[in-house]
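> Below are the sequence and a predicted model for it; my questions follow.
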Amino acid sequence: MRASLIQIAVDEDEPVDSRRRRVAALVREQSGADLVVLPELWTTGAFAFEEFGRAAEPLEGPTYEAMAKAASDAGVWLHAGSLPERDPDGTLYNTSLLFSPSGEPAAAYRKIHRFGFDKGEAVLMGAGRDLVTARLPGTTLGLATCYDLRFPELFRGLVDAGAETLVIPAGWPERRRAHWTLLARARAVENQAFVLACGTAGTHAGVPQAGHSIVVDPWGEVLAEAGPGEEVLTVDLDPAKVGATREQFPALKDRVLGLEAPRSLR
Ligand SMILES: NC(=O)CCC(=O)C(=O)O
């Protein structure tokens, strides 16, 4: 399986429409890949909080249309990263989209853990509630977004639902790049799964982005890592490695569920 992660530079001097056209062209250039992955909130930038409301779209808005067409033109599975979605009830969500090679919608995932504590995304957007997996030829994807990477229980839930390849679009800042690399490898090792983590480059809202998109195998080895700038990171994966790793080192079978709380807390 050939995967291409497009690490887009998200700078605020590029209008959203131009970036959308530019990204669609980049996706078309990946014809021959099986799966193409884009980052989180690449129309606005993950830290451009003031833009979320202005740029929010209905699920089947301009980004959906452009990405569905780009997927079918290229003939690839396209994880189109995420966009600020406006639900018909007015709530905003950070929503990821997956398209099949014929441009049909295959999955939509609303980010569960919103970043910002008491500001930014955490107060501007609603929280998703549903785990999302999607079956592709040869592997099952588990979808998560950026800050979700810090919450291992979400990934365990995805693995329990059959995920073998964890796809994580992100807009991760340079300031916490060490966490990004460490957590991507940790999620791969503990879940014995591939991790495809696609970040952004550039600077928006004064926040320099880390870049360094990364692909990790089920043993925790880094198969490929991007640099800091805009880049297409292409890697060939053997999906059978997930089953082989889980069979040869069956740690997932040794999980102990339903542990008791410490006595002092009861
Ligand atoms: N967009 C995000 O979710 C940012 C997450 C982040 O900066 C962090 O977890 O650190």
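Received the coordinates, thanks. Residues are numbered from 1 along each chain as shown.

> can you pull out the helices in this protein?
Read by DSSP state H, the chain holds these helices, from start to end of the chain: 16-28, 49-55, 62-74, 121-124, 152-160, 177-191, 240-248.

> packing partners for the second one?
Contacting helix 49-55 under the criterion 3 or more C-beta pairs under 8 Å, 6 or more residues apart in numbering; DSSP states H and E are the following elements: strand 77-86, helix 121-124. Heads up, the C-betas are built off the backbone N, CA and C, glycines and all.

> Would you mind giving those as JSON lines with mean neighbour count added?
As requested, the helices and strands packed on helix 49-55 are arranged in JSON lines below (neighbours: other C-beta atoms under 10 Å):
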{"stretch": "strand 77-86", "mean neighbour count": "26"}
{"stretch": "helix 121-124", "mean neighbour count": "17"}
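
> low pLDDT regions in the stretch 151-266 of the chain?
Low-confidence segments of the stretch 151-266 of the chain, defined by pLDDT under 70, are located at 265-266.

> Adding distance to the ligand, write the helices of the chain out as CSV.
Compiled in CSV, those are given as follows (distance: least, C-beta to the nearest ligand atom, whole Å):
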stretch, distance to the ligand
helix 16-28, 17
helix 49-55, 10
helix 62-74, 17
helix 121-124, 7
helix 152-160, 13
helix 177-191, 6
helix 240-248, 26
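
> possible to save those as CSV with distance to Leu92?
Supplementary listing: the helices of the chain in CSV, determined by distance: least, C-beta to C-beta, whole Å:
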stretch, distance to Leu92
helix 16-28, 16
helix 49-55, 6
helix 62-74, 14
helix 121-124, 6
helix 152-160, 20
helix 177-191, 25
helix 240-248, 35
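
> Would you tell me which residues of the stretch 101-250 of the chain are close to the ligand?
Taking C-beta under 6 Å from any ligand atom as the contact definition, the stretch 101-250 of the chain meets the ligand at Phe115, Cys146, Tyr147, Arg150, Gly171, Trp172, Pro173, Arg176, His179.

> who's in contact with the last one?
To tie it back to what came earlier, the one meant is His179. Counting by C-beta atoms under 8 Å, 6 or more residues apart in numbering, His179 touches Arg150.

> ok, now the third one?
Contacts of Tyr147 were listed using C-beta under 8 Å, 6+ apart, and they are Lys111, His113, Arg114, Phe115.

> What separation do you get for it and His113?
As judged by C-beta to C-beta, to the nearest Å, Tyr147 and His113 stand 5 Å apart.

> for the stretch 1-150 of the chain, which spans come out with low pLDDT?
Per-residue confidence for the stretch 1-150 of the chain (pLDDT under 70) gives no ranges below the cut-off.

> residues near Glu56, how many?
No, residue 56 isn't Glu; it's Ala. Residue crowding around Ala56 was assessed by other C-beta atoms under 10 Å; the count is 22.

> The closest residue to Glu164 other than its chain neighbours: what's it in contact with?
Nearest residue to Glu164, sequence neighbours excluded (C-beta to C-beta, 6 or more residues apart in numbering): Val242, at 4.2 Å. Val242 makes contacts with Thr139, Glu164, Thr165, Gln192, Ala193, Phe194, Pro218, as judged by C-beta under 8 Å, 6+ apart.
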